[in-house]
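A.B. asks: A structural model of the following input is requested.
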Amino acid sequence: MIWLDGTFHEGPTVQWNVADRGLLLADGLFETAVVFDGRIFCLAEHLARLGTGARLLGFEAPLDLAEEGMQAVARFAPPSGGVIRLTVTRGAGPRGLAPPAEPVPTVLATVAPFDPSLVFRKVSLQTAGVRRNEHSPLSRVKSLAYMDNVLAIAEAKAAGADDALILNTAGRPVCTSAANLFVVRKGEIATPPVSDGVLPGVMRGRLMSIAARAGLDVVERSLGVMDIARAEEIFLTNSVRFVQPVTAIDGVDLPREPAVAVRVLDLFRGLLEFEVERGLPETRMQ
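C.D. replies: Got it, this is the predicted structure:
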């Protein structure tokens, strides 16, 4: 089932305006959220990030319509849970790069089954040749322009890894192709700041907001390659995969048990149970 601008369409295809700037220029944004029993986890945070990102790109996202679309497709999620993909483009425009003076955004929402096996699945990383441009506004929004991420994970897969460790133009580790990065050493959990080219992830934000109450010392600071080399533990956060422990980087194993990552997963379980009255399935590192 596809929801487009207020109307349901039987999938898997829908008519699309060929002048839409999202199609032609990747001029738009997207959000990915999980839903259980019709309740969307972290809905307010996803909509807030969407609104902030659209303003950074120079247009206003129709947040009421976006929420309507997410809630509409949420009803079609499988009993085991679903993953909502929300896409908002600037809409159609004349030929050329200059955006229209009065854009009419396009809003698209779909839902797919949630795969619980992705939660806490171990990940090996390969440092990518593709660099993240921390000077670009696109580094701070969930833009449709995702080719750097596509190329990075393709490079990692070709090297036999699960995902890519992406550095910024200054050579600092900042993220993977689809997740935020956390490095643990001597009781400190460090994650790079947004100014280093980091997408302000929803789960990253939730962890930072509740960490102190849970006895976790999470700090924002720039990371160097030596932080990666000396790490006692590395884990990733993502709105669909929640937490994933990193077990190897560039072919070098990280032998320690992911004790901190387990605590973070337990925190997210608690949030999910409180906010949507649904727990994650019991998960072991695979």
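
A.B. asks: mean confidence score for stretch 168-184?
C.D. replies: Averaged over stretch 168-184, pLDDT sits at 98.

A.B. asks: how long is that stretch from one end to the other?
C.D. replies: Length of stretch 168-184, first residue to last, Cα to Cα, to the nearest Å: 20 Å.

A.B. asks: and it, which residues are buried?
C.D. replies: For stretch 168-184, the neighbour count (16 or more other Cβ atoms under 10 Å) marks 168, 172-184 as buried. From N, CA and C alone the C-beta is placed, and that goes for glycine too.

A.B. asks: Counting only strands, which of those make the cut?
C.D. replies: 168, 173-176, 180-184 (DSSP state E).

A.B. asks: Correct me if wrong: residue 141 contacts residue 29.
C.D. replies: Yes: the pair residue 141 / residue 29 is scored as a contact, 6.1 Å apart, by Cβ atoms under 8 Å.

A.B. asks: which residues are in contact with both of the two?
C.D. replies: 53, 57 (Cβ atoms under 8 Å, 6 or more residues apart in numbering).

A.B. asks: Can you pick out the residue with more neighbours from these two?
C.D. replies: residue 29 (28 against 21; other Cβ atoms under 10 Å).

A.B. asks: Could you list which residues are in contact with the more buried one?
C.D. replies: Residues counted as contacts of residue 29 (Cβ under 8 Å, 6+ apart) are 50, 53-54, 57, 61, 87-88, 141-144.

A.B. asks: From residue 230, how far out is it?
C.D. replies: 36 Å (Cβ to Cβ, to the nearest Å).

A.B. asks: Could you do residue 46 as well?
C.D. replies: Distance of residue 46 to residue 230, computed by Cβ to Cβ: 34 Å.

A.B. asks: quick one: which of those two has more around it?
C.D. replies: For residue 46 and residue 230, the more surrounded residue by other Cβ under 10 Å is residue 46, and the numbers stand at 22 against 11.

A.B. asks: residue contacts, that one?
C.D. replies: Residue 46 makes contact with 31, 33, 40, 70, 86, 202, 239, according to Cβ under 8 Å, 6+ apart.

A.B. asks: Show me the one in the residues you listed that has more neighbours than the rest.
C.D. replies: Using other Cβ under 10 Å as the neighbour test, the contacts of residue 46 are led by residue 86, with 26 neighbours.
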